[in-house]
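# pasting the sequence and the predicted model now:
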Amino acid sequence: MAYYTRVLSKDEEFPPFEELAELIRSQHPDYKLTIEEGDEEEWETLLLSGDDEVEVALVERNQVSDGSAGQDEIADFIEDLQDCQPESGVVWLEEYLEEVKMVYAFQHLQGAETVEGGDALHALRSALWERGEAIIQADAEGFTNEEGFHIVWQFSDSVSGPWNMGVLQDGVWHHFTMDLGDPDHRAAFLAGEVPGDVTAVIAAGPSE
């Protein structure tokens, strides 16, 4: 099954192809970006690949509008959240998703499995996310807030290792690193709490 990560943006404006292509040329000269569908001003699908022609990722730009593929994606995400925790993160995320205007979907291909290919993909995804008012979604992981901290649990039960998480309490994000495999850490996060033996950083400014 294809694996996707996505940038979900409230901004309906998007960068022109040449801006993204130059980013890859300057930061990852062994990789290139080409247009698969659309044109330089109204690109729809891009291909990130190496100079050796090994494909790293397909990037689809889906605007969220009535009857669009982007609207269907958002509806599916909201439906999938119904059984997720913590509740505070789910409520915030549902409200956020209702305002998303653009979905950038990255289908990870063979070249993404290498360190260099993964770095090039990350640079491209970060460039879209860091434009502002955007969150990240990853299959089998879940969603982040705008600061890049995971806020809902969609991992498998067997997952383990350190992960950057965020819980919303009284309108303020509390960010921390937890061990996904620690049952006490997991229980605290699912309840919308910071695990007792970790230190949280309170995010500055409002939560939205």
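Yep, it's here.
# list the buried ones in stretch 25-33?
For stretch 25-33, the neighbour count (16 or more other CB atoms under 10 Å) marks His28, Tyr31, Lys32, Leu33 as buried. (C-beta placed from N, C-alpha, C; glycine too.)
# which helix of the chain spans the most residues?
helix 115-129 (DSSP state H).
# helix or strand right after that one?
strand 134-138 (DSSP states H and E).
# wait, a strand at Trp43?
No - applying DSSP: H, G, I helix; E, B strand; the rest coil, one finds Trp43 to be coil, outside a strand.
# that one and Met102: what is the separation?
12 Å (CB to CB, to the nearest Å).
# before we move on, what about Gly171?
Gly171 is 26 Å from Met102, by CB to CB.
# what about this structure, any weak spots by pLDDT?
Residues of the chain meeting the criterion pLDDT under 70: 204-208.
# make it 90
1, 41, 69, 200, 202-208 (pLDDT under 90).
# so what's the residue positioned nearest the centre of it closest to, chain neighbours aside?
The chain has Ile136 as the residue nearest its centroid, 1.7 Å off, counting by CA atoms, centre = their mean. Nearest non-adjacent residue to Ile136, counting by CB to CB, 6 or more residues apart in numbering: Thr144, 4.6 Å away.
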